[in-house]
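Novice: Prediction below, plus the sequence it came from.
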Amino acid sequence: MIADPSKYYYIEPVEIEVYLKKAGKVRTVIKDLFVELIPVEPSSEKSREIFEHFGSKAEPIDLMEVQNEFPELIKAIYDSYYQNMDLFEKLSMHFKSGLTGSNDSWRMALYFTELLMKYEPTVASKLIGDFQTYNLNYLIIKLNQIKEPFLLEDSTVAYLIKRRNMAYRDQPRDKEFDKLVELWEYNVKEKFY
């Protein structure tokens, strides 16, 4: 399957064991699972304003900057994230460093985003919108554009697959995609046994 360049994907390598009958051997081959990144829709007028503000600057949604630009959200943000505020500050530093050209910072920002997504949803994220998924998509696209290699946690890959499947639930099934997802899920289960 060749990825449509007009769409954005996360590419997960999937190991497939193939039995070569003539040689009597089993070989492992890697096939790429292309998971389309589904855009995040703002959940309210305020979140639309926030998404458009950062989108117009082609930047990730930086929680520190949200507080500067939308001071009416400071209390909700603090109440929701006070235990992880130091992580959001580090994430903000990686965003700023990435925007000034540090490729390594984009990868670090991705890993911080994966970690912080585990604490959602919160009151603040209901006001801001699903900024964590917006940032996840942004960072995957950015890393793809600059050709920086990276892999996501299995739980994040499963989340992206779920979002993709929800977006395509009324479409005819893509049998090749479904088969690769099934193999990927099998491999994930095998890792833990």
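Specialist: Okay, I see it. Numbers count the residues shown, from 1 in each chain.
Novice: State the helix or strand in which the residue most central in space within the chain lies.
Specialist: Closest to where the C-alpha atoms of the chain average out (C-alpha atoms, centre = their mean) is Leu136, at 3.2 Å. In this assignment (DSSP states H and E), Leu136 forms part of helix 131-145.
Novice: Give me the helices and strands touching that helix, please.
Specialist: Packing partners of helix 131-145 (3 or more C-beta pairs under 8 Å, 6 or more residues apart in numbering; DSSP states H and E): helix 45-56, helix 103-117, helix 154-167. Quick note: C-beta positions are derived from backbone N, CA and C, even for glycine.
Novice: Recalculate using a threshold of 10 Å.
Specialist: Packing partners of helix 131-145 (3 or more C-beta pairs under 10 Å, 6 or more residues apart in numbering; DSSP states H and E): strand 9-20, helix 45-56, helix 63-69, helix 85-99, helix 103-117, helix 123-128, helix 154-167.
Novice: what's the angle from it to helix 154-167?
Specialist: Interaxial angle, helix 131-145 versus helix 154-167 (axes from the mean of the first three to the mean of the last three C-alpha atoms, to 10 degrees): 100 degrees.
Novice: buried residues in helix 131-145?
Specialist: Within helix 131-145, the residues that qualify as buried by neighbour count (16 or more other C-beta atoms under 10 Å) are 131-140, 142-144.
Novice: Done for today, thanks.
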